[in-house]
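Novice: Here you go, sequence then predicted model.
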Amino acid sequence: MDLKKQKLILADLTDLNWLKQHFFIYPDQRMRIKKGDVITRQGEWNEKMFFVESGSTSGYFQPKEGKEFKVFTTGPNMMVGLYSFFSHDHRSYTTVKADEDTVIHYVSLDQLPAKNSSEYGQFLEHILPVVVNEIYLRQMLMINSVSEKERVLKKLLESEKMATLGQLAAGLAHELNNAASVIQSKSKWITDHMKDYMEEKDSRGLYPYFLKSLENGQTQTSAEVRSRKEKIKELMNVQESAAKKLAKMNLTDDELTMLNKNSDSSFIDRLGYYWEAGLALHDINIAASHTTHVVQSIKELGAINRKEHQYFSLQSSIKKALSLLTNQLRNIDTSIEVNESIEIDGKEGDFIQVWVNLIKNAAEVLNTKSLENPKIKIVADQSGDVLCIAIKDNGGGISESERGKIFQPSYTTKVSGLSFGLGLGLSIVQRILSSYDGQIQLTCQGEWTIFNVELPKQ
(Lines give C-alpha, C1' and ligand atoms only; values in the text may rest on other atoms or scores of the structure.)
Protein backbone atom coordinates (compact mmCIF):
# COMPACT_ATOMS: atom_id res chain seq x y z
CA MET A 1 0.00 0.00 0.00
CA ASP A 2 1.38 3.44 -0.90
CA LEU A 3 1.67 6.35 1.49
CA LYS A 4 -1.20 8.29 -0.11
CA LYS A 5 -3.65 5.44 0.51
CA GLN A 6 -2.35 5.05 4.06
CA LYS A 7 -3.11 8.71 4.72
CA LEU A 8 -6.69 8.26 3.54
CA ILE A 9 -7.30 5.19 5.69
CA LEU A 10 -5.72 6.61 8.84
CA ALA A 11 -7.57 9.90 8.40
CA ASP A 12 -10.83 7.92 8.58
CA LEU A 13 -9.76 6.54 11.97
CA THR A 14 -9.30 9.98 13.53
CA ASP A 15 -12.20 12.29 14.34
CA LEU A 16 -11.08 15.90 14.01
CA ASN A 17 -14.55 17.45 14.26
CA TRP A 18 -14.46 17.80 18.04
CA LEU A 19 -11.00 19.42 17.93
CA LYS A 20 -12.05 21.80 15.14
CA GLN A 21 -15.24 22.82 16.96
CA HIS A 22 -13.46 23.48 20.26
CA PHE A 23 -10.07 24.88 19.23
CA PHE A 24 -9.70 25.79 15.54
CA ILE A 25 -12.61 28.21 15.39
CA TYR A 26 -11.08 31.64 16.02
CA PRO A 27 -10.95 33.97 12.99
CA ASP A 28 -7.88 35.78 14.32
CA GLN A 29 -6.04 32.40 14.53
CA ARG A 30 -6.70 31.49 10.89
CA MET A 31 -3.70 32.22 8.61
CA ARG A 32 -3.14 32.30 4.86
CA ILE A 33 0.47 31.51 4.05
CA LYS A 34 2.26 31.58 0.71
CA LYS A 35 4.15 28.76 -0.91
CA GLY A 36 7.61 28.50 0.66
CA ASP A 37 6.71 30.38 3.86
CA VAL A 38 8.04 28.86 7.08
CA ILE A 39 5.57 27.83 9.78
CA THR A 40 8.04 26.45 12.33
CA ARG A 41 11.82 26.43 12.20
CA GLN A 42 14.08 23.60 13.34
CA GLY A 43 15.43 24.12 16.86
CA GLU A 44 13.28 27.18 17.55
CA TRP A 45 10.61 27.64 20.24
CA ASN A 46 7.04 26.64 19.34
CA GLU A 47 3.93 26.62 21.55
CA LYS A 48 1.38 26.34 18.75
CA MET A 49 -0.46 23.35 17.26
CA PHE A 50 -1.51 23.85 13.62
CA PHE A 51 -4.46 22.44 11.67
CA VAL A 52 -4.25 22.45 7.84
CA GLU A 53 -7.55 23.57 6.35
CA SER A 54 -6.37 23.55 2.72
CA GLY A 55 -3.09 23.21 0.83
CA SER A 56 -0.12 21.17 2.06
CA THR A 57 3.02 21.49 4.14
CA SER A 58 6.23 19.50 4.54
CA GLY A 59 8.69 19.14 7.39
CA TYR A 60 12.46 19.14 6.68
CA PHE A 61 15.34 18.09 8.89
CA GLN A 62 18.81 19.61 8.52
CA PRO A 63 21.62 17.46 10.03
CA LYS A 64 24.83 19.12 11.19
CA GLU A 65 26.57 17.69 8.15
CA GLY A 66 24.76 16.86 4.94
CA LYS A 67 21.81 18.08 2.96
CA GLU A 68 18.35 18.90 4.25
CA PHE A 69 15.84 16.09 3.67
CA LYS A 70 12.07 15.72 3.92
CA VAL A 71 10.65 14.00 7.00
CA PHE A 72 6.90 14.29 6.43
CA THR A 73 4.14 15.87 4.34
CA THR A 74 0.68 16.92 5.50
CA GLY A 75 -2.48 17.80 3.60
CA PRO A 76 -5.99 19.07 4.45
CA ASN A 77 -7.46 17.86 7.78
CA MET A 78 -4.02 17.03 9.13
CA MET A 79 -1.95 18.66 11.86
CA VAL A 80 1.63 19.87 12.33
CA GLY A 81 3.69 21.13 15.23
CA LEU A 82 2.54 18.31 17.51
CA TYR A 83 6.01 17.28 18.72
CA SER A 84 7.16 20.72 19.84
CA PHE A 85 3.69 21.55 21.18
CA PHE A 86 3.65 18.58 23.57
CA SER A 87 7.40 18.23 24.25
CA HIS A 88 9.04 19.45 27.45
CA ASP A 89 11.31 22.02 25.81
CA HIS A 90 8.88 23.03 23.00
CA ARG A 91 11.67 23.00 20.39
CA SER A 92 10.65 22.13 16.83
CA TYR A 93 12.70 19.24 15.43
CA THR A 94 11.91 20.18 11.80
CA THR A 95 11.42 23.24 9.65
CA VAL A 96 7.85 23.17 8.34
CA LYS A 97 7.20 24.99 5.05
CA ALA A 98 4.13 25.49 2.87
CA ASP A 99 4.32 23.40 -0.34
CA GLU A 100 1.70 25.64 -1.91
CA ASP A 101 -0.57 28.49 -0.85
CA THR A 102 -2.08 27.08 2.34
CA VAL A 103 -4.70 27.96 4.96
CA ILE A 104 -3.99 26.91 8.55
CA HIS A 105 -5.52 27.38 11.99
CA TYR A 106 -3.58 27.29 15.22
CA VAL A 107 -4.15 26.98 18.94
CA SER A 108 -1.71 28.13 21.63
CA LEU A 109 -0.57 26.11 24.63
CA ASP A 110 -2.27 28.54 27.04
CA GLN A 111 -5.65 27.87 25.34
CA LEU A 112 -5.77 24.24 26.45
CA PRO A 113 -8.15 23.33 29.30
CA ALA A 114 -6.67 22.86 32.75
CA LYS A 115 -5.13 19.43 33.30
CA ASN A 116 -7.46 18.63 36.23
CA SER A 117 -10.65 19.49 34.27
CA SER A 118 -13.07 17.15 32.48
CA GLU A 119 -12.51 19.10 29.25
CA TYR A 120 -8.81 18.14 29.36
CA GLY A 121 -9.78 14.44 29.42
CA GLN A 122 -11.95 14.96 26.37
CA PHE A 123 -9.11 16.80 24.67
CA LEU A 124 -6.70 13.89 25.28
CA GLU A 125 -9.29 11.40 24.05
CA HIS A 126 -9.46 13.18 20.68
CA ILE A 127 -5.86 14.34 20.28
CA LEU A 128 -4.11 11.02 21.01
CA PRO A 129 -5.39 9.24 17.83
CA VAL A 130 -4.19 12.26 15.84
CA VAL A 131 -0.73 12.06 17.41
CA VAL A 132 -0.51 8.31 16.73
CA ASN A 133 -1.69 8.91 13.18
CA GLU A 134 0.99 11.53 12.54
CA ILE A 135 3.75 9.40 14.08
CA TYR A 136 2.75 6.41 11.95
CA LEU A 137 2.62 8.40 8.71
CA ARG A 138 6.03 9.94 9.31
CA GLN A 139 7.48 6.55 10.14
CA MET A 140 6.09 5.10 6.89
CA LEU A 141 7.50 8.01 4.91
CA MET A 142 10.89 7.35 6.46
CA ILE A 143 10.65 3.62 5.67
CA ASN A 144 9.74 4.38 2.05
CA SER A 145 12.65 6.79 1.78
CA VAL A 146 15.14 4.29 3.22
CA SER A 147 13.80 1.52 0.96
CA GLU A 148 14.20 3.72 -2.12
CA LYS A 149 17.75 4.66 -1.13
CA GLU A 150 18.55 0.97 -0.62
CA ARG A 151 17.19 0.15 -4.08
CA VAL A 152 19.21 2.92 -5.72
CA LEU A 153 22.36 1.88 -3.85
CA LYS A 154 21.91 -1.76 -4.88
CA LYS A 155 21.49 -0.74 -8.50
CA LEU A 156 24.59 1.45 -8.30
CA LEU A 157 26.66 -1.37 -6.80
CA GLU A 158 25.42 -3.75 -9.50
CA SER A 159 26.39 -1.23 -12.21
CA GLU A 160 29.86 -0.82 -10.73
CA LYS A 161 30.28 -4.60 -10.48
CA MET A 162 29.25 -5.13 -14.10
CA ALA A 163 31.47 -2.28 -15.30
CA THR A 164 34.50 -3.87 -13.59
CA LEU A 165 33.64 -7.24 -15.08
CA GLY A 166 33.24 -5.59 -18.46
CA GLN A 167 36.76 -4.14 -18.31
CA LEU A 168 38.20 -7.57 -17.55
CA ALA A 169 36.17 -9.23 -20.30
CA ALA A 170 37.02 -6.60 -22.94
CA GLY A 171 40.66 -7.71 -23.04
CA LEU A 172 39.67 -11.34 -23.56
CA ALA A 173 37.13 -10.37 -26.23
CA HIS A 174 39.74 -8.36 -28.13
CA GLU A 175 42.03 -11.39 -28.37
CA LEU A 176 39.19 -13.66 -29.52
CA ASN A 177 37.69 -11.25 -32.03
CA ASN A 178 40.13 -11.89 -34.88
CA ALA A 179 39.89 -15.67 -34.49
CA ALA A 180 36.09 -15.55 -34.43
CA SER A 181 36.00 -13.43 -37.59
CA VAL A 182 38.27 -15.89 -39.42
CA ILE A 183 36.14 -18.85 -38.35
CA GLN A 184 32.96 -17.16 -39.54
CA SER A 185 34.34 -16.13 -42.94
CA LYS A 186 36.00 -19.49 -43.59
CA SER A 187 32.93 -21.48 -42.58
CA LYS A 188 30.93 -19.52 -45.16
CA TRP A 189 33.60 -20.20 -47.80
CA ILE A 190 33.59 -23.94 -47.02
CA THR A 191 29.77 -24.05 -47.13
CA ASP A 192 29.56 -22.33 -50.53
CA HIS A 193 32.16 -24.66 -52.07
CA MET A 194 30.69 -27.78 -50.47
CA LYS A 195 27.30 -26.96 -51.97
CA ASP A 196 28.84 -26.89 -55.44
CA TYR A 197 30.85 -30.05 -54.75
CA MET A 198 27.93 -32.08 -53.37
CA GLU A 199 25.66 -31.07 -56.24
CA GLU A 200 28.35 -31.97 -58.79
CA LYS A 201 28.94 -35.43 -57.24
CA ASP A 202 25.25 -36.26 -56.81
CA SER A 203 24.08 -38.95 -59.25
CA ARG A 204 21.23 -40.44 -57.21
CA GLY A 205 19.04 -37.44 -56.36
CA LEU A 206 20.44 -36.91 -52.88
CA TYR A 207 21.43 -33.24 -53.12
CA PRO A 208 18.00 -31.94 -51.94
CA TYR A 209 18.48 -33.80 -48.63
CA PHE A 210 21.87 -32.13 -48.21
CA LEU A 211 20.27 -28.71 -48.77
CA LYS A 212 17.40 -29.52 -46.38
CA SER A 213 19.73 -30.29 -43.47
CA LEU A 214 22.06 -27.41 -44.38
CA GLU A 215 19.21 -24.91 -44.28
CA ASN A 216 17.12 -26.29 -41.40
CA GLY A 217 19.51 -28.31 -39.24
CA GLN A 218 18.22 -30.82 -36.71
CA THR A 219 14.60 -29.81 -36.16
CA GLN A 220 13.58 -32.68 -33.88
CA THR A 221 14.30 -33.23 -30.22
CA SER A 222 15.97 -36.38 -28.99
CA ALA A 223 12.62 -37.69 -27.72
CA GLU A 224 11.02 -37.15 -31.14
CA VAL A 225 13.91 -38.93 -32.88
CA ARG A 226 13.54 -41.97 -30.61
CA SER A 227 9.82 -42.16 -31.24
CA ARG A 228 10.28 -41.77 -35.00
CA LYS A 229 13.02 -44.41 -35.03
CA GLU A 230 10.70 -47.09 -33.63
CA LYS A 231 8.08 -46.30 -36.27
CA ILE A 232 10.69 -46.53 -39.07
CA LYS A 233 11.92 -49.90 -37.79
CA GLU A 234 8.39 -51.27 -38.06
CA LEU A 235 7.73 -49.70 -41.48
CA MET A 236 11.01 -50.48 -43.27
CA ASN A 237 12.45 -53.47 -41.43
CA VAL A 238 15.91 -51.90 -41.20
CA GLN A 239 18.64 -52.14 -38.58
CA GLU A 240 18.81 -49.86 -35.53
CA SER A 241 21.58 -47.65 -36.95
CA ALA A 242 19.82 -47.11 -40.28
CA ALA A 243 16.50 -46.38 -38.56
CA LYS A 244 18.18 -43.79 -36.36
CA LYS A 245 19.75 -42.04 -39.37
CA LEU A 246 16.40 -41.85 -41.15
CA ALA A 247 14.61 -40.70 -37.99
CA LYS A 248 16.97 -37.74 -37.64
CA MET A 249 16.15 -36.62 -41.20
CA ASN A 250 12.49 -36.01 -40.34
CA LEU A 251 11.36 -37.61 -43.61
CA THR A 252 7.67 -37.78 -44.45
CA ASP A 253 5.81 -41.08 -44.53
CA ASP A 254 5.66 -40.85 -48.34
CA GLU A 255 9.42 -40.38 -48.56
CA LEU A 256 9.97 -43.36 -46.27
CA THR A 257 7.62 -45.53 -48.34
CA MET A 258 9.51 -44.60 -51.53
CA LEU A 259 12.85 -45.42 -49.90
CA ASN A 260 11.52 -48.74 -48.66
CA LYS A 261 10.44 -49.74 -52.17
CA ASN A 262 13.34 -48.45 -54.26
CA SER A 263 16.42 -48.29 -52.06
CA ASP A 264 18.92 -50.68 -50.57
CA SER A 265 21.11 -50.29 -47.48
CA SER A 266 23.94 -48.67 -49.46
CA PHE A 267 21.53 -45.99 -50.73
CA ILE A 268 20.37 -45.27 -47.17
CA ASP A 269 24.01 -45.00 -46.05
CA ARG A 270 24.74 -42.55 -48.89
CA LEU A 271 21.59 -40.57 -48.08
CA GLY A 272 22.73 -40.41 -44.46
CA TYR A 273 26.11 -39.13 -45.60
CA TYR A 274 24.56 -36.25 -47.58
CA TRP A 275 22.22 -35.35 -44.75
CA GLU A 276 24.96 -35.50 -42.07
CA ALA A 277 27.26 -33.35 -44.23
CA GLY A 278 24.59 -30.68 -44.56
CA LEU A 279 23.82 -30.85 -40.84
CA ALA A 280 27.50 -30.52 -39.92
CA LEU A 281 27.87 -27.40 -42.06
CA HIS A 282 24.63 -25.97 -40.66
CA ASP A 283 25.89 -26.40 -37.10
CA ILE A 284 29.33 -25.00 -37.96
CA ASN A 285 27.75 -21.87 -39.43
CA ILE A 286 25.51 -21.37 -36.39
CA ALA A 287 28.45 -21.93 -34.06
CA ALA A 288 30.63 -19.49 -36.02
CA SER A 289 27.89 -16.83 -35.99
CA HIS A 290 27.19 -17.44 -32.31
CA THR A 291 30.90 -17.21 -31.46
CA THR A 292 31.11 -13.82 -33.14
CA HIS A 293 28.02 -12.65 -31.27
CA VAL A 294 29.33 -13.92 -27.93
CA VAL A 295 32.64 -12.10 -28.42
CA GLN A 296 30.76 -8.90 -29.19
CA SER A 297 28.52 -9.49 -26.17
CA ILE A 298 31.54 -9.89 -23.89
CA LYS A 299 32.96 -6.62 -25.24
CA GLU A 300 29.69 -4.93 -24.28
CA LEU A 301 29.56 -6.53 -20.81
CA GLY A 302 28.58 -3.89 -18.29
CA ALA A 303 26.82 -1.78 -20.93
CA ILE A 304 23.33 -1.95 -22.40
CA ASN A 305 23.09 -2.10 -26.19
CA ARG A 306 19.69 -2.63 -27.74
CA LYS A 307 20.26 -1.54 -31.33
CA GLU A 308 19.49 -3.50 -34.49
CA HIS A 309 16.37 -5.21 -33.13
CA GLN A 310 14.05 -7.34 -35.20
CA TYR A 311 11.37 -9.93 -34.51
CA PHE A 312 12.49 -13.56 -34.47
CA SER A 313 10.94 -16.92 -33.62
CA LEU A 314 11.42 -18.03 -30.02
CA GLN A 315 11.18 -21.68 -31.04
CA SER A 316 13.78 -21.23 -33.78
CA SER A 317 16.23 -19.53 -31.41
CA ILE A 318 15.89 -22.39 -28.92
CA LYS A 319 16.49 -24.99 -31.64
CA LYS A 320 19.61 -23.14 -32.76
CA ALA A 321 20.83 -23.21 -29.17
CA LEU A 322 20.20 -26.97 -29.05
CA SER A 323 22.19 -27.48 -32.24
CA LEU A 324 25.20 -25.93 -30.49
CA LEU A 325 24.87 -28.42 -27.65
CA THR A 326 24.45 -31.66 -29.60
CA ASN A 327 27.24 -33.49 -27.82
CA GLN A 328 26.12 -32.44 -24.31
CA LEU A 329 22.52 -33.47 -25.03
CA ARG A 330 23.27 -36.78 -26.73
CA ASN A 331 22.05 -38.92 -23.80
CA ILE A 332 19.40 -36.52 -22.44
CA ASP A 333 15.68 -36.61 -23.25
CA THR A 334 15.12 -33.03 -24.42
CA SER A 335 11.64 -31.70 -25.22
CA ILE A 336 10.35 -28.32 -26.41
CA GLU A 337 6.83 -27.05 -25.76
CA VAL A 338 6.96 -23.69 -27.50
CA ASN A 339 4.33 -22.37 -29.87
CA GLU A 340 5.74 -21.57 -33.32
CA SER A 341 3.86 -18.25 -33.39
CA ILE A 342 5.69 -16.73 -30.38
CA GLU A 343 8.10 -14.00 -31.45
CA ILE A 344 10.54 -11.77 -29.55
CA ASP A 345 11.69 -8.28 -30.50
CA GLY A 346 15.46 -8.15 -30.04
CA LYS A 347 18.77 -9.58 -31.15
CA GLU A 348 18.38 -13.28 -31.76
CA GLY A 349 22.02 -13.84 -30.86
CA ASP A 350 21.41 -12.42 -27.38
CA PHE A 351 18.70 -14.96 -26.68
CA ILE A 352 20.57 -17.88 -28.23
CA GLN A 353 23.30 -17.00 -25.76
CA VAL A 354 20.76 -17.08 -22.90
CA TRP A 355 19.34 -20.47 -23.94
CA VAL A 356 22.80 -21.98 -24.52
CA ASN A 357 23.98 -21.01 -21.05
CA LEU A 358 20.86 -22.26 -19.28
CA ILE A 359 20.55 -25.51 -21.25
CA LYS A 360 24.29 -26.19 -21.01
CA ASN A 361 24.19 -25.77 -17.23
CA ALA A 362 21.32 -28.25 -17.00
CA ALA A 363 23.08 -30.73 -19.31
CA GLU A 364 26.32 -30.55 -17.31
CA VAL A 365 24.45 -31.38 -14.10
CA LEU A 366 22.60 -34.31 -15.70
CA ASN A 367 25.74 -35.70 -17.37
CA THR A 368 27.56 -35.88 -14.02
CA LYS A 369 24.77 -37.90 -12.40
CA SER A 370 23.75 -41.50 -13.05
CA LEU A 371 20.07 -40.98 -13.77
CA GLU A 372 17.91 -43.59 -15.48
CA ASN A 373 16.04 -41.01 -17.53
CA PRO A 374 17.71 -37.55 -17.55
CA LYS A 375 15.35 -34.91 -18.90
CA ILE A 376 15.39 -31.28 -19.97
CA LYS A 377 12.07 -29.58 -20.67
CA ILE A 378 11.72 -26.16 -22.31
CA VAL A 379 8.26 -24.65 -21.95
CA ALA A 380 6.94 -21.23 -23.00
CA ASP A 381 3.68 -19.55 -22.00
CA GLN A 382 2.22 -16.11 -22.67
CA SER A 383 0.31 -14.85 -19.64
CA GLY A 384 -1.12 -11.34 -19.86
CA ASP A 385 1.68 -8.91 -20.60
CA VAL A 386 4.46 -11.36 -19.74
CA LEU A 387 6.17 -14.08 -21.77
CA CYS A 388 7.42 -16.89 -19.52
CA ILE A 389 10.06 -19.40 -20.61
CA ALA A 390 10.95 -22.21 -18.21
CA ILE A 391 14.02 -24.43 -18.63
CA LYS A 392 13.75 -27.46 -16.36
CA ASP A 393 15.98 -30.41 -15.56
CA ASN A 394 15.44 -33.36 -13.26
CA GLY A 395 18.95 -33.26 -11.83
CA GLY A 396 17.89 -33.09 -8.21
CA GLY A 397 17.67 -29.34 -7.53
CA ILE A 398 20.12 -26.81 -6.09
CA SER A 399 20.84 -26.35 -2.40
CA GLU A 400 19.54 -23.29 -0.54
CA SER A 401 23.08 -22.05 0.11
CA GLU A 402 23.94 -22.08 -3.62
CA ARG A 403 20.70 -20.46 -4.82
CA GLY A 404 21.64 -17.09 -3.32
CA LYS A 405 25.07 -17.11 -5.01
CA ILE A 406 24.27 -18.66 -8.38
CA PHE A 407 24.03 -15.34 -10.29
CA GLN A 408 27.22 -13.83 -8.88
CA PRO A 409 29.80 -13.30 -11.67
CA SER A 410 32.60 -15.10 -9.83
CA TYR A 411 30.56 -18.00 -8.45
CA THR A 412 30.79 -21.49 -9.95
CA THR A 413 30.28 -25.08 -8.87
CA LYS A 414 32.51 -26.45 -11.65
CA VAL A 415 35.75 -28.03 -10.53
CA SER A 416 37.10 -29.79 -13.61
CA GLY A 417 37.00 -30.08 -17.38
CA LEU A 418 37.25 -27.28 -19.92
CA SER A 419 34.81 -24.89 -18.22
CA PHE A 420 37.66 -23.24 -16.31
CA GLY A 421 35.28 -22.29 -13.50
CA LEU A 422 34.93 -18.66 -14.60
CA GLY A 423 31.32 -18.53 -13.43
CA LEU A 424 30.32 -15.95 -16.07
CA GLY A 425 27.40 -17.78 -17.71
CA LEU A 426 24.50 -16.89 -15.45
CA SER A 427 25.85 -13.39 -14.85
CA ILE A 428 25.81 -12.80 -18.61
CA VAL A 429 22.30 -14.27 -18.84
CA GLN A 430 21.10 -11.88 -16.14
CA ARG A 431 22.70 -8.89 -17.86
CA ILE A 432 21.17 -9.73 -21.25
CA LEU A 433 17.68 -10.22 -19.82
CA SER A 434 17.97 -7.03 -17.78
CA SER A 435 18.75 -5.07 -20.96
CA TYR A 436 15.38 -6.24 -22.32
CA ASP A 437 13.57 -5.37 -19.06
CA GLY A 438 13.33 -9.09 -18.33
CA GLN A 439 14.29 -11.14 -15.29
CA ILE A 440 15.28 -14.67 -14.33
CA GLN A 441 14.41 -16.62 -11.19
CA LEU A 442 15.52 -19.98 -9.89
CA THR A 443 13.08 -22.37 -8.24
CA CYS A 444 13.27 -26.04 -7.25
CA GLN A 445 10.34 -28.45 -7.13
CA GLY A 446 11.34 -31.90 -5.90
CA GLU A 447 13.88 -33.33 -8.32
CA TRP A 448 13.32 -30.48 -10.80
CA THR A 449 15.50 -27.39 -11.10
CA ILE A 450 13.68 -24.61 -12.96
CA PHE A 451 15.07 -21.40 -14.41
CA ASN A 452 12.12 -19.11 -15.13
CA VAL A 453 12.75 -16.34 -17.65
CA GLU A 454 10.17 -13.55 -17.81
CA LEU A 455 10.05 -10.98 -20.62
CA PRO A 456 7.57 -8.13 -21.11
CA LYS A 457 5.25 -8.98 -23.98
CA GLN A 458 6.20 -7.00 -27.09
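Specialist: Yep, it's here.
Novice: did I read that right, Val379 in a helix?
Specialist: No - read with DSSP: H, G, I helix; E, B strand; the rest coil, Val379 is strand and lies in no helix.
Novice: Give the bridge partners for it, please.
Specialist: Glu337, Ala390 (DSSP bridges).
Novice: Tell me if I'm right that it and Asn339 touch.
Specialist: No - shown here, Val379 and Asn339 do not form a contact pair, counting by C-beta atoms under 8 Å, at 10.4 Å. C-beta: built from backbone N, CA, C; applies to glycine.
Novice: Pick out whichever of these two has more residues nearby.
Specialist: Counted by other C-beta atoms under 10 Å, Val379 and Asn339 do not tie: Val379 has more neighbours, with 15 against 11.
Novice: separation between that one and Leu371?
Specialist: Distance, Val379 to Leu371, by C-beta to C-beta, to the nearest Å: 20 Å.
Novice: same deal with Ile33?
Specialist: Ile33 is 75 Å from Leu371, by C-beta to C-beta.
Novice: cool, Gln353 as well?
Specialist: To Leu371, Gln353 is 27 Å away according to C-beta to C-beta.
Novice: same deal with Val295?
Specialist: For Val295, the distance to Leu371 - C-beta to C-beta - is 34 Å.
Novice: between these two, who's got more neighbours?
Specialist: Neighbour totals were compared for Val295 and Leu371, and Val295 leads with 21 against 17 (other C-beta under 10 Å).
Novice: that's a helix at the more buried one, yeah?
Specialist: Yes - read with three-state DSSP, Val295 is one of the residues of a helix.
Novice: So it sits against Val182, correct?
Specialist: No - using C-beta under 8 Å as the test, Val295 is too far from Val182 to be in contact (11.9 Å).
Novice: shared neighbours, the two?
Specialist: By C-beta atoms under 8 Å, 6 or more residues apart in numbering, Val295 and Val182 have no common neighbours.
Novice: Report the contact partners of Val379.
Specialist: Val379 makes contact with 337-338, 389-390, 392 under the criterion C-beta under 8 Å, 6+ apart.
Novice: By neighbour count, which of those residues wins?
Specialist: Ile389 (24 neighbours).
Novice: which residue sits closest to that residue in space, ignoring its chain neighbours?
Specialist: Counting by C-beta to C-beta, 6 or more residues apart in numbering, Ile389 lies nearest to Val453, which is 4.4 Å off, once chain neighbours are set aside.
Novice: what's the strand or helix carrying that neighbour packed up against?
Specialist: Using DSSP states H and E, the element containing Val453 is strand 448-456. Using 3 or more C-beta pairs under 8 Å, 6 or more residues apart in numbering; DSSP states H and E as the contact criterion, the elements in contact with strand 448-456 are helix 348-367, strand 386-393, strand 439-445.
Novice: Show me what the shortest one is in contact with.
Specialist: Spelled out, it's strand 439-445. 397-398, 403, 406-407, 426, 429-430, 433, 449-454.
Novice: now, which of those residues sits nearest Asp110?
Specialist: Glu454 (62.5 Å; C-beta to C-beta).
Novice: all strands for the stretch 251-400 of the chain, in order.
Specialist: Taking DSSP state E, counting those that start in this stretch as the criterion, the stretch 251-400 of the chain carries its strands at 310-313, 333-337, 343-346, 375-383, 386-393.
Novice: Mean neighbour count, the ones you listed: which tops it?
Specialist: Mean neighbour count (mean count of other C-beta atoms under 10 Å) peaks for strand 386-393 among those, with a mean of 20.
Novice: Can you name every helix or strand that that strand contacts?
Specialist: Packing partners of strand 386-393 (3+ C-beta pairs under 8 Å, 6+ apart): helix 348-367, strand 375-383, strand 448-456.
Novice: Quick one: mean pLDDT for that strand?
Specialist: Mean per-residue pLDDT for strand 386-393: 93.
Novice: which residues touch that strand?
Specialist: 314, 338, 342, 344, 355, 358-359, 362-363, 365-366, 374-382, 448-457.
Novice: got a pLDDT number for Asp381?
Specialist: At Asp381, pLDDT is 90.
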